[in-house]
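Colleague: coordinates only, sequence not included:
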């Protein structure tokens, strides 16, 4: 039996009078990459924001991490429990150096030896960040900034990594590198919850996926089955009969 890490149960979310999520339920087991796909406005980013506590508007439902209820917990407490999120658009600190950006990811931590181990791991994953560790984050290319955003999240030493549109605005070769890195991070023991418009690429590295439509989960299956599903192909993968 797989060990459940993150559970979202019957989550309802509203922005004022606008209902964004209508009873979303999903889970991520330890060792998994789980992909959340759907059209723009379906509620994918809202789901991640509700889990991390970065957006407020939960009206019903429960979010659990390792069995602990984290629903409506403050964002810094959720981060401290082991939830790291790479936001859409990267959101690095452009005036800070690469090294300073990475250390911002460890700001809640005091375990100096493990912080150094995690920094070494990030530099091993992304050698270019080591080469540019004294450069201002804003001088990096788009792909390098995405690497920096992922590295900063890894410096939290997370139990789960949530990623919102990591391929957005990147060149095809860079996108391939990013997805390879996501797979490597997962193989190294970190579960991933991935929101991605490039559904084909995401499902090729994922174990399972959910299809979200206007705030509702309409389909859940293995990534392999979702890739082969004709309705999914037609609506989200740019193909099908």
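Modeller: Nice, thanks for sending it over. Predicted, not measured: the structure shown is a model, and the values here were computed from it.

Colleague: does the closest residue in space to residue 201 that isn't next to it in sequence belong to a helix or a strand, and which?
Modeller: By the measure of C-beta to C-beta, 6 or more residues apart in numbering, the closest residue to residue 201 outside its immediate chain neighbours is residue 179, 5.4 Å from it. C-beta here means a position set from N, CA and C on the backbone, and glycine is covered the same way. Residue 179 belongs to helix 172-187 when assigned by DSSP states H and E.

Colleague: can you check residue 211 too?
Modeller: Going by DSSP H and E, residue 211 is in strand 208-213.

Colleague: List of residues touching that strand?
Modeller: Outside strand 208-213, the residues that touch it by C-beta atoms under 8 Å, 6 or more residues apart in numbering are 24, 26, 32, 34-39, 42-44, 47, 202-203, 217-223, 226, 232, 236.

Colleague: What of stretch 109-117?
Modeller: If you take C-beta under 8 Å, 6+ apart as the criterion, stretch 109-117 is touched by 106, 155-157.

Colleague: Repeat that for stretch 170-190.
Modeller: 31-33, 121, 125-126, 142-143, 146-147, 150, 154, 158-161, 163, 166-167, 192, 194, 198, 201-202, 204-205.

Colleague: And the helices in the protein?
Modeller: Secondary structure of the chain (DSSP state H): helices at 44-52, 75-81, 98-104, 112-125, 127-131, 142-154, 172-187, 199-205, 223-228, 230-236.

Colleague: remind me which residues of the chain are low pLDDT?
Modeller: By pLDDT under 70, the weakly predicted segments of the chain are 1, 238-241.

Colleague: what's the residue nearest to residue 105 when sequence neighbours are not counted sitting at in phi/psi?
Modeller: Sequence neighbours aside, residue 155 is the residue nearest to residue 105 in space, at 3.1 Å (criterion: C-beta to C-beta, 6+ apart). Main-chain dihedrals, residue 155, degrees, to the nearest 10: phi -70, psi -10.
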